[in-house]
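Trainee: My questions concern the predicted model and sequence given below.
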Amino acid sequence: MTHKVGPKGQVVIPKAMRNQLGLEPGDEVVFTLDRRGVHVAPARSSRSLRGAFRGLDLVGALEADRRSEPR
């Protein structure tokens, strides 16, 4: 899927993608650039992440991951 860049550097995010990302008018997005290209993601505040990892044993998962790595 290709789109043209407008005179002010704007591009339109296709509706299907906006829906998948849950983007609504006025929402902010984050642009990142790497060797593969430009990536766009919703800018979620840290407040929206509150409780996202509740009940997960993150330390245990990290320790298990490190144990599984070859030495």
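Mentor: Right, received. Where do you want to start? Numbers count the residues shown, from 1 in each chain.

Trainee: what about the helices in the chain?
Mentor: Assigned helices in the chain, in chain order: 15-21, 58-68 (criterion: DSSP state H).

Trainee: Out of the ones you listed, which one sits most buried?
Mentor: helix 15-21 (a mean of 11; mean count of other CB atoms under 10 Å). All C-beta atoms are positioned from the backbone trio N, CA, C, and that covers glycine.

Trainee: which outside residues touch that one?
Mentor: Contacts to helix 15-21, defined as CB atoms under 8 Å, 6 or more residues apart in numbering, come from residues Ile13, Glu24, Ala41, Pro42.

Trainee: so can I have JSON lines of the helices of the chain showing distance to Ala52?
Mentor: Converted to JSON lines, the helices of the chain look like this (distance: least, CB to CB, whole Å):
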{"stretch": "helix 15-21", "distance to Ala52": "17"}
{"stretch": "helix 58-68", "distance to Ala52": "11"}
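
Trainee: Residue ranges in this protein under the pLDDT threshold?
Mentor: Across the chain, the ranges flagged by pLDDT under 70 are 45-50.

Trainee: give me that answer again for 90
Mentor: Within the chain, the ranges that satisfy pLDDT under 90 run 1-2, 21-22, 27, 41, 43-62, 64-66, 68-71.

Trainee: what's the closest non-adjacent residue to the most centrally placed residue in it?
Mentor: Residue closest to the mean C-alpha point of the chain, counted by CA atoms, centre = their mean, is Ala41 at 4.0 Å. Excluding the flanking residues, the one nearest Ala41 by CB to CB, 6 or more residues apart in numbering is Val30, at 5.1 Å.

Trainee: For His3, find the nearest of the helices of the chain.
Mentor: Nearest to His3 among the helices of the chain is helix 15-21 (10.8 Å), distances taken as CB to CB.
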